[in-house]
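**Q** Need a 3D model of the following:
(2 chains)
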Amino acid sequence: MARPDLILQTESGLHCPAGDFYVDPWRPVARAVVTHAHSDHARPGSAAYLCAANGAGVLRERVGQQARIEGLAWGQTVSLNGVKVSLHPAGHILGSAQVRIEHQGEVWVIAGDYKTEPDISCDAFEPVRCHVFVTESTFGLPVYRWRPSAEIFADLNRWWAANAAQGRTSVVFAYALGKAQRVLSGLNPDIGPLMVHGSVSRFLPHYAEAGRTLPAATTGTLEHIAQAGGRGLVIAPQSTRDSPWLARFGDASLAAVSGWMQARGNRRRESLDRGFVLSDHADWPGLLEAIGATGAERVGVTHGFSSSLARFLREQGRDSFTWNTQFEGETWGSVTEPAPEP
Amino acid sequence: MGLRHRARPRAVKTFAELFETLDGENSTNAKSAALRAHFASASPEDAAWALYFLAGERLPSPVSGRTLRAWAGEAAGIPAWLVEESYAQIGDQAETVTLLLPDPVDPPVVTLSEIVTRHLRPLSGGTPAEQSRLIRRAWAELGRTDRFVFNKLLAGSFRVGVQKTLVTKALAEVAGLEPAVMAARLTGRIEPTPEFFQKLLRPENESDEEPRPLPFFLASPLAGDPSELGPKTEWTAEWKYDGIRAQLLKSQGEVWLWSRGGEPVTTAFPELAQAGNRLPEGTVLDGEILVWTPGNDQPSPFGDLQQRLNRKTAPAALRSRFPAVFVAYDLLRLHRADLRGKPQSERRAELEKLAAPWPSSGTLRASPLLEGNWEELAALRRQSRERGVEGLMLKHRDATYASGRVKGGWFKWKVDPLSLDFVMTFAQAGHGRRAGLHTDYTFALWQAGELVTVTKAYSGLSDAEIQQVERFVRKNTLDTFGPVRRLTPTLVCEIGFEGVTQSPRHKSGFALRFPRILRLREDKPAAEADTVDHLRALARQSGFEAGATGSPAFRQQWLFPDP
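**A** As a prediction, the model looks like this:
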């Protein structure tokens, strides 16, 4: 192992010196490979962006219409300074990618955020064989085990129908990109009108363009709100909670959809009527399964419970290290609004 | 918990379903409806246990929390350190254990009494090996919510965010009785038996006459200036004693002493029981138990009273070293007549008539009224600490003796806390509502150029301030030890406390009583925080230095905590 690491952690983010590019840089750089369009991974200001082809549209919403963005088809390889780079589905949100980096026979995969569970709003996670795998650990504790999403959607639809029967609007707080569309994908539009906040609808055309068919939803502009009041279901970011906009829907039952809802304490702290446990991050078994499937000799752990997961992996005989990020993983309600994608 | 919202609608047949509703619902009406439905439809066996736990009663915990977590780790194939880190994140032991265990397959529907009799009761007295086997059997047999209930009961208490008044009201409605009658029937011991439960619901109940305490009237804290209460002539003032609240009863020829927590403490204070013998039949006195050495003009510190608490009996040596008195401040029944609906001034007059023959330094004595206008009372209040009391009680002359905390009749006008500026040095993940946030803080004072740990404090911050401190903690972590983070010592907080005592068990040599955060002092550099010498000076001034330490945790087993 005399060879220096292919990827290094720097002030600006993960850097590949041989290829002279960054992955999900925190500061403006010359060349940024971006795993997905959430704001803690996609920062504006870089000179050039490389991302998955079907993620280019949502990335543009995030980093600006003028940004130079190049989209890569899944598995298509480009050479950056002689370093081979390709992108592979991460299953987190539309266009979310794992970055495969190969140089002089050594393969690294930066997974970004990912989940192993099926999600019809994006392409499914694909394990990629590698020597070094860099994984997230947002839910890297064994208390985080998800029930199948089909059961959660059934619960959501039942809750919505029960509210509609009582003349109450159902409000689902979900992150505007990814989670909101995933929730939409699981709802039964026969129950009542579906409405989304403007911050959610701005991403919907990109889903249609990528061939991800979602139930039709109206944008909750003033003239449409009356359609949803009492029977409808509204998907909005948590930051709208105390807004006059939300108050217009009248008597409402409030729910959050997040992996953090697994803990009663989080739900009780927020005084929500319901907390649905549905995450776009891998749960504990999902993380272990994904790591195992890469066949990696070394595992870098970042974003979340990194020291816990790394220690567990070491005890299982797998070499692993931690990387701290500027964003100390995502937590529920402990960072400023809008809450990062849980 | 992930499984709260299963296919079942609002039927509240099992305790698990009741729990899911109480835990998941925000609306008081929905909680109340679920309680009524459960009490009306459950078998008396199950309803009795539900009432028992919801009222806050507990069974002795057969295994320690650490042992339970260790067994859960073994059952789930998770190393112990990882179980502990999960616990720190989830913040609730029963919930952590439930989330760690593999999901049950096709669990049967079970009742609460089955959980208690089949799974909980057989644990007491067993060897660790037997206990481990039985607990694993329970985990294997129970569905996820039942398992959570079982794990909660294993840990002892069962707090689900439902107040006893709500339970009382639901029961009263099921029985078709006034809530006050039900409250009286529920004061004192609650037995988890079908007989007890059925008796509770009867229209007439011979135990309405039993020697049980009446629901205590609770004072509200006085926030502003007492002159805002109106003219002083409408109010009476007394010392607010630093003992334990209790009722002394004479009924059917016997004397009973009940603590505010609903525990009979008659045998722990035989001198008070004896003194109570002289009371007329059908008397209920409300007052304070204190340790008060004959000849002293003020009561002993709370630490002395602690020596008498949590005991079944009191040997003569203990009684003579820490002699107890009962200071009566209200008369609720006399000759079996209920005086609670009469105004304060009339009850006080009756009390004074009753107490006329009692010597003022006797075991049984009446709380003296304090004279003076608001300014003079304010001056008296400032002497509270030297006089060994917590401040003043203000009672409106027309106030009836209500049940619970009804604002407006009684106010506690406590002395301002002592306070110093401390530096925050460690933060630990909180529990329950504060799980995942670092809300258990450790504070230090300067001594010879170094920071010495003095106290922990948990309360006092608003939700917004908790978020603010959380951001500080995340940015200023030097080391992480599981749930504990060592911080760069830069954040100064003003900590208030009721007293300070010497304690060889503490690194600084001092222990604080009821420490809490008064405010964040971001304006103040850490170097300007206070010193251990400042604390020593406070200890000397307040005269507490020689007393025994009063541990808040210990005290709260006796008194519900005064918010």
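**Q** Would you pull up the residue in chain A closest to chain B?
**A** Checking chain A residue by residue against chain B with CB to the nearest CB singles out A:Gly265 as nearest, at 3.3 Å. Placement of C-beta: from N, CA and C, glycine included.
**Q** In three-state terms, label that residue for me.
**A** Using DSSP: H, G, I helix; E, B strand; the rest coil as the criterion, the local structure at A:Gly265 reads helix.
**Q** Pretty sure it sits against B:Gly436.
**A** Yes - between A:Gly265 and B:Gly436 there is a contact at 6.6 Å, judged by CB atoms under 8 Å.
**Q** and for those two, which residues touch both?
**A** Taking CB atoms under 8 Å, 6 or more residues apart in numbering or on different chains as the contact criterion, the residues that touch both A:Gly265 and B:Gly436 are B:Ile90, B:Gly91.
**Q** Return the distance of B:Glu228 relative to B:Glu376.
**A** For B:Glu228, the distance to B:Glu376 under the criterion CB to CB, to the nearest Å works out to 17 Å.
**Q** Who has more neighbours out of these two?
**A** In terms of neighbours (other CB atoms under 10 Å in any protein chain shown), B:Glu376 is the more surrounded of B:Glu228 and B:Glu376; the figures are 13 against 9.
**Q** Could you check how far that one is from B:Lys395?
**A** 17 Å.
**Q** and what of B:Asp479?
**A** Distance, B:Asp479 to B:Lys395, by CB to CB: 52 Å.
**Q** Looking at the two, which is more packed in?
**A** Counting neighbours by other CB under 10 Å for B:Asp479 and for B:Lys395 shows that B:Lys395 has the greater number, 24 against 9.
**Q** how about the more buried one, what does it touch?
**A** With the criterion set at CB under 8 Å, 6+ apart, B:Lys395 makes contact with B:Trp235, B:Thr236, B:Ala237, B:Glu238, B:Gln344, B:Gly409, B:Trp410, B:Phe411.
**Q** try A:Phe139
**A** Remark: with contacts taken as CB under 8 Å, 6+ apart, A:Phe139 is in contact with A:Gly259, A:Ser279, A:His281, A:Ala282, A:Asp283, A:Trp284, A:Leu287, A:Gly304, A:Phe305.
**Q** Secondary structure and neighbour count added to those residues, as JSON lines?
**A** Listed next are the contacts of A:Phe139 as JSON lines, based on DSSP: H, G, I helix; E, B strand; the rest coil; neighbours: other CB atoms under 10 Å in any protein chain shown:
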{"residue": "A:Gly259", "secondary structure": "helix", "neighbour count": "24"}
{"residue": "A:Ser279", "secondary structure": "coil", "neighbour count": "26"}
{"residue": "A:His281", "secondary structure": "coil", "neighbour count": "28"}
{"residue": "A:Ala282", "secondary structure": "coil", "neighbour count": "31"}
{"residue": "A:Asp283", "secondary structure": "coil", "neighbour count": "25"}
{"residue": "A:Trp284", "secondary structure": "helix", "neighbour count": "24"}
{"residue": "A:Leu287", "secondary structure": "helix", "neighbour count": "30"}
{"residue": "A:Gly304", "secondary structure": "strand", "neighbour count": "25"}
{"residue": "A:Phe305", "secondary structure": "coil", "neighbour count": "25"}
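**Q** Intersect those residues with the contacts of chain B.
**A** Counting by CB under 8 Å from any CB of the partner chain, A:Phe305 from the contacts of A:Phe139 sit close to chain B.
**Q** so can I have CSV of the contacts of A:Phe139 showing distance to A:Pro118 and pLDDT?
**A** Converted to CSV, those look like this (distance: CB to CB, whole Å; pLDDT from 0 to 100):
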residue, distance to A:Pro118, pLDDT
A:Gly259, 16, 93
A:Ser279, 13, 96
A:His281, 14, 97
A:Ala282, 13, 97
A:Asp283, 14, 97
A:Trp284, 18, 97
A:Leu287, 17, 98
A:Gly304, 22, 85
A:Phe305, 24, 89
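**Q** Which pair in the contacts of A:Phe139 has the greatest spatial separation?
**A** Using CB to CB, the pair of those lying farthest apart is A:Ser279 and A:Phe305, separated by 13.8 Å.
**Q** which neighbours do these two share?
**A** Shared contacts of A:Ser279 and A:Phe305, defined by CB under 8 Å, 6+ apart, comprise A:Thr138, A:Phe139.
**Q** What ranges in the stretch 201-350 of chain B fall below the confidence cut-off?
**A** Within the stretch 201-350 of chain B, the stretches with pLDDT under 70 are B:205-210, B:261-262.
**Q** Doesn't A:Arg60 belong to a helix?
**A** Yes - secondary structure assignment (three-state DSSP) places A:Arg60 inside a helix.
**Q** Identify the spatial nearest neighbour of it, chain neighbours not counted.
**A** Taking CB to CB, 6 or more residues apart in numbering or on different chains, and ignoring the residues beside it in sequence, A:Arg60 has A:Ile69 as its nearest neighbour in space, at 6.0 Å.
**Q** try B:Ala355
**A** Spatial nearest neighbour of B:Ala355, excluding adjacent residues (CB to CB, 6+ apart): B:Ala366 at 3.9 Å.
**Q** neighbours around that neighbour, how many?
**A** Under the criterion other CB under 10 Å, the count of neighbours that B:Ala366 has is 23.
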